[in-house]
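> Build me a model:
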Amino acid sequence: MDEHRLIEAAQRGDVHAYNRLVVAYQQNIYNIAYRILGDADRAMDATQDAFLHAFEALPSFRGGSFRAWLVRIVTNCSYDALRHQQRRPTTPIDDLIEDDEHSGLMEDDHETPEEHLDRLDIQRLIQKALQTLPEDQRMVVVLSDIEGLDYAEIAQALSLNLGTVKSRLSRGRAKLRDFLLAHRELLPAGFRLYDE
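Numbering: from 1, shown residues only. Sure thing, here's the model as predicted:
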């Protein structure tokens, strides 16, 4: 995929080219929204909003990292969703249903049932730990440690200077480590952290 050509075609109104860009980035953008919001349905909504906003703003894209540009948009959409939730708190209907069934979308055919349960426990604990971070630190940790963006991309996506990115990442990682140490009994035995 030649991203530059797809972007130029999409800027000229080629919806097929834009759809190819969406397919290329949708999982990353959804993951960012999910890590910020902590809720799959709201993350899907924020992801959809982000791609709609990006399509509308595409003529104003002037180059640079397209991924960082999309990250900035989904971050803004996610923060809008958080502010909306704080003004109008709700209880998702799924929380009212007592059913232990799960989605098979993320299952790995090669893992044992014990490994599957361990992975789910770790995912839940990490998501819980991320939700304890202040929003500015959570965003930097998600973009760096989960999505793999480098410092420069994060700085561009969040309109921050490099030093701010590094300090927020350092503080966020320290708080995550403290949280995981305080809750190490919830981690599977092979993943428990110990004080040094």
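
> what's in contact with stretch 165-183?
Residues external to stretch 165-183 that are found in contact with it (Cβ atoms under 8 Å, 6 or more residues apart in numbering): 125-126, 129-130, 132-133, 136-138, 140-141, 144-145, 151, 154-155, 158, 160, 187, 193-195. For the C-beta atoms, the positions are set from N, CA and C on the backbone; glycine is no exception.

> For this protein, which segments count as helices?
The residue ranges that make up the helices of the chain, judged by DSSP state H, are 3-11, 15-37, 40-57, 66-87, 93-96, 113-132, 135-141, 151-158, 162-182.

> Can you tell me which of the ones you listed has the worst average pLDDT?
Ranked by mean pLDDT, the helices of the chain end with helix 93-96 in last place, scoring a mean of 46.

> just to revisit the earlier point, now tabulate the helices of the chain in TSV and tack on mean neighbour count.
What follows is the helices of the chain, written out as TSV (neighbours: other Cβ atoms under 10 Å):
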stretch	mean neighbour count
helix 3-11	15
helix 15-37	18
helix 40-57	18
helix 66-87	18
helix 93-96	8
helix 113-132	14
helix 135-141	21
helix 151-158	20
helix 162-182	16
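
> Can you give me the domain assignment for this structure?
In terms of domains, the chain is parsed into 1-90, 111-196 (source: automatic domain parsing).

> what's the spacing between the first one and its chain's center?
Translated: domain 1-90. Here the centre of mass of C-alpha atoms in domain 1-90, compared against the chain's by Cα atoms, centre = their mean, to the nearest Å, lies 11 Å away.

> Next: the last one.
Here the centre of mass of C-alpha atoms in domain 111-196, compared against the chain's by Cα atoms, centre = their mean, lies 11 Å away.

> Apart from its neighbours in sequence, what residue is nearest the spatially most central residue of the chain?
Centrality entry for the chain: nearest residue to the mean C-alpha point is I32, 1.5 Å, by Cα atoms, centre = their mean. The shortest distance from I32 to any residue that is not its chain neighbour, by Cβ to Cβ, 6 or more residues apart in numbering, is 5.3 Å, and that residue is V74.

> For that neighbour, list the residues it contacts.
Shown in contact with V74 (Cβ under 8 Å, 6+ apart): I29, I32, A33, A46, T47, A50.

> with these in mind, which one is nearest to A81?
Comparing the contacts of V74 against A81 with Cβ to Cβ picks out A46 as the nearest, at 5.1 Å.

> For the residue nearest to that closest one when sequence neighbours are not counted, which residues are in contact?
Once flanking residues are discounted, A46 sits nearest to A33: 4.1 Å by Cβ to Cβ, 6+ apart. Applying Cβ under 8 Å, 6+ apart, one finds that A33 lies in contact with R42, A43, M44, A46, T47, A50, V74, C77, S78, A81.
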